[in-house]
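**Q** got a sequence here, can you model it:
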Amino acid sequence: MVYHYVLSIKKRIIKIFHLLFKIIFFSVFLISLSAAHNSESQDSLSIYYLKLKNLQKENALILAPDKFNETIDSFKKANKALNNNENSAYIIHLNEIKRNISKIEEIIKLSRDILDTAFANRQQAIRNNGKEHAKKRWNIGEDFLKKAISELNNKKYDQAKKYAAIAAENYKTAEIQALKQKYLSSATNAVNRAKRANADKWAPISFNEAIVFIKKANESIKTDPNNQSKIKKYALKAENEAIKAEYFSTIISAISNKPHNIEKLLLNENNRLLTYASLLNMKKDTFLQVSDLDTLVALEIEKITNERKMLFAENLSLENELTKIKMKIDSYQQKNKKEEDFKRKLTYIKTLFIDEKVDILITDKKIILKLYEIKFISNTSFIPPENFEILNKVVLAIYEFKDNPVVIIAHTDSRGSAIKNKNLTEKKAATVKEFLLQNLENYDCEIQTIAMGEDKPIASNATAKGRVFNRRIEVVIQLNKD
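**A** Model prediction:
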């Protein structure tokens, strides 16, 4: 009985576990499905938002302002519903967005043939300040554009075309008026002044030239408004010709009405020539002919030209001198920098060996490190580990001049035969070289060795102290100072 009872309980526990597993599995599934749905929904909103941004570039806000603003409002509501997991509300607002965008696209498609010219002229008018300088025409264009859009939405296409054409015409007129205001106002005023001075009668050649250039400027404004350099050129020519015509007209009319005014005019011109002559240091109080002044002006021009050439030559010479000075300064600075760097390196090397029995000899051509504490095992070239520290300091010293070649010179005392001592110093020099090469990284210069044997003692070999000085290694760093 007990066995069957336990077995029954076991089966029930297994069923409970199976049920719990199913509940957990379906919960995870539903959460994943909800997350996937939210992600998909967010993607849908993003796609329609990009569509709306593109429609805005195609004047959607002007062509369908109500639908555009409704769509923006629906976007806000859909996003809020999505964040609150209100799926049914989200779907309702998403469908509103779809319908509104579809309607806006339809309106834009219909408007392209009807409103393109009006919108193009409107942009041109904005670019050339028609909105500011031709407000009346601009406002008329705006009114008729709104009417055209309204009729388009009401599917009254013929009336929409009619209003769009009126809007386009007024935008074009606003642009033309703005360009005339900008470029032709000064020239037109000059022409009007010339006309009041009867320039069309007394100076017709210059006056007619001014009129011709005014017409050319007007024609350019109508046919090629973006080529404003051309418009400006014609306007300036028109103004100059008009000013000239006014001046000529004033003089010629005065002469024509009173012949004795010719003499006054000539006297005035002579006084003017005398003034110019005085400015040019030509002292002449008598009657002066134009030819006299022409000669003097030609001489002055030649003088000024020669002076200009001399000044140019002097300037060139000064520039060359300045360049040389700059080169000298640069050379001095570089030399000074190298010397400072050299001093720093020497100070560092001296600091390295301050506690060692090392003599440092410095000349213009080399740095010699005389090492007295390099102890080899007697009569061998083997370096004991206690010498590694000082040799590592030699490595650091060489690094300061890593672009310079090095020579290792080995010496010994006079004990033993000369041949044996020579061979021993060869091995010692080679061993030191090998140690240095093993510890020098990125060092590409040559390391030479010289075996001096007992030939170059610096102390007496008769004493133990003297022999210590004679058993030395000299590391010579060759300098290539500039």
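
**Q** any low-confidence regions in this structure?
**A** For the chain, the stretches with pLDDT under 70 are 1-43, 257, 259-267, 269-270, 273-274, 276-294, 296, 377-381, 481-482.

**Q** point to the residue nearest the middle of it.
**A** Arg127 (27.5 Å; CA atoms, centre = their mean).

**Q** burial measure for Lys335, as a count.
**A** A count of neighbours around Lys335, defined by other CB atoms under 10 Å, yields 12. The way it works is simple: take the backbone N, C-alpha and C, and place the C-beta from them, glycine included.

**Q** begin at 136 from here
**A** Right, with 136 as the first residue, what we last looked at is Lys470.

**Q** secondary structure element for it?
**A** Element membership of Lys470 [criterion: DSSP states H and E] is helix 425-487.

**Q** domain parsing of this structure, as residue ranges.
**A** Domain ranges of the chain: 320-392, 488-613, per automatic domain parsing.

**Q** re the thing from before, distance of the residue nearest to the centre of the chain from Thr560?
**A** Between Arg262 and Thr560 the distance is 92 Å, computed by CB to CB, to the nearest Å.

**Q** over to Tyr507?
**A** Using CB to CB, Tyr507 is found at 15 Å from Thr560.

**Q** more neighbours, the two?
**A** When neighbours are counted by other CB under 10 Å, Tyr507 and Thr560 differ, and Thr560 comes out ahead with 24 against 16.

**Q** wait, isn't the more buried one in contact with Lys591?
**A** No: Thr560 lies out of contact with Lys591 (CB atoms under 8 Å); the separation is 10.2 Å.

**Q** what do these two both touch?
**A** Contact criterion CB atoms under 8 Å, 6 or more residues apart in numbering; residues bridging Thr560 and Lys591 by contacting each: His546.

**Q** which elements pack onto the helix or strand encompassing Asp293?
**A** Here Asp293, judged by DSSP H and E, is contained in helix 292-318. Packed against helix 292-318, as judged by 3 or more CB pairs under 8 Å, 6 or more residues apart in numbering; DSSP states H and E, are the following elements: helix 222-262, helix 265-268, helix 270-288, helix 339-358, helix 363-392.

**Q** how about stretch 370-382 as PDB, C-alpha atoms only?
**A** Extracted in PDB, the C-alpha atoms of stretch 370-382 (Å, rounded to 0.1, in the frame of the first residue of the first chain):
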ATOM      1  CA  ALA A 370      23.900  98.400 -64.800                       C
ATOM      2  CA  LEU A 371      27.400  99.900 -64.000                       C
ATOM      3  CA  LYS A 372      27.900 100.700 -67.700                       C
ATOM      4  CA  ALA A 373      24.500 102.300 -68.000                       C
ATOM      5  CA  GLU A 374      25.200 104.500 -64.900                       C
ATOM      6  CA  ASN A 375      28.600 105.600 -66.200                       C
ATOM      7  CA  GLU A 376      27.200 106.500 -69.600                       C
ATOM      8  CA  ALA A 377      24.300 108.500 -68.000                       C
ATOM      9  CA  ILE A 378      26.700 110.400 -65.700                       C
ATOM     10  CA  LYS A 379      28.900 111.200 -68.700                       C
ATOM     11  CA  ALA A 380      25.800 112.300 -70.800                       C
ATOM     12  CA  GLU A 381      24.600 114.600 -68.000                       C
ATOM     13  CA  TYR A 382      28.100 116.200 -67.700                       C
END
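
**Q** contact partners of that stretch?
**A** Identification of contacts with stretch 370-382 by CB under 8 Å, 6+ apart yields 318-319, 321-322, 325-326, 328-329, 332, 334, 338, 341-342, 344-349, 352.

**Q** ok, Glu437 - how many residues close by?
**A** Here the count is done by other CB under 10 Å, and Glu437 has 10 residues near it.

**Q** distance of it relative to Arg443?
**A** Taking CB to CB, one finds Glu437 at 11 Å from Arg443.

**Q** Lys473 too?
**A** 44 Å.

**Q** what's in contact with stretch 254-265?
**A** 194, 266, 269, 272-273, 276, 280, 302-303, 306-307, 309-310, 312-314, 317, 360.

**Q** chain center to stretch 227-243, what's the gap?
**A** A distance of 44 Å separates the centroid of the chain from that of stretch 227-243, by CA atoms, centre = their mean, to the nearest Å.

**Q** could you do stretch 560-573 as well?
**A** Taking CA atoms, centre = their mean, one finds the center of stretch 560-573 at 56 Å from the center of the full chain.

**Q** and it, which residues are buried?
**A** Buried residues in stretch 560-573, defined by neighbour count with 16 or more other CB atoms under 10 Å: 560-564, 566-568, 570-571.

**Q** tell me which residues touch Lys357, please.
**A** Applying CB under 8 Å, 6+ apart, we find Lys357 in contact with Ile311.

**Q** ok, it to Gln363 distance?
**A** Between Lys357 and Gln363 the distance is 13 Å, computed by CB to CB.

**Q** give me the neighbour count for Glu589.
**A** Neighbours of Glu589 under the rule other CB under 10 Å: 21.

**Q** I'd say it and Ile554 touch.
**A** No: the criterion here is CB under 8 Å, and Glu589 misses it with Ile554 at 10.5 Å.

**Q** does anything pack onto the helix or strand following the helix holding Lys470? Which helices or strands?
**A** For helix 425-487, the following helix or strand on the C-terminal side (DSSP H and E) is strand 493-497. Applying 3+ CB pairs under 8 Å, 6+ apart, we find strand 493-497 packed against helix 425-487, strand 501-506.

**Q** switch to 10 Å and redo it
**A** Judged by 3 or more CB pairs under 10 Å, 6 or more residues apart in numbering; DSSP states H and E, strand 493-497 is in contact with helix 425-487, strand 501-506, helix 523-535, strand 608-613.

**Q** can you add distance to Asn235 and give the ones you listed back as a markdown table?
**A** Below are these laid out as a markdown table (distance: least, CB to CB, whole Å):
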| stretch | distance to Asn235 |
| --- | --- |
| helix 425-487 | 71 |
| strand 501-506 | 87 |
| helix 523-535 | 76 |
| strand 608-613 | 85 |
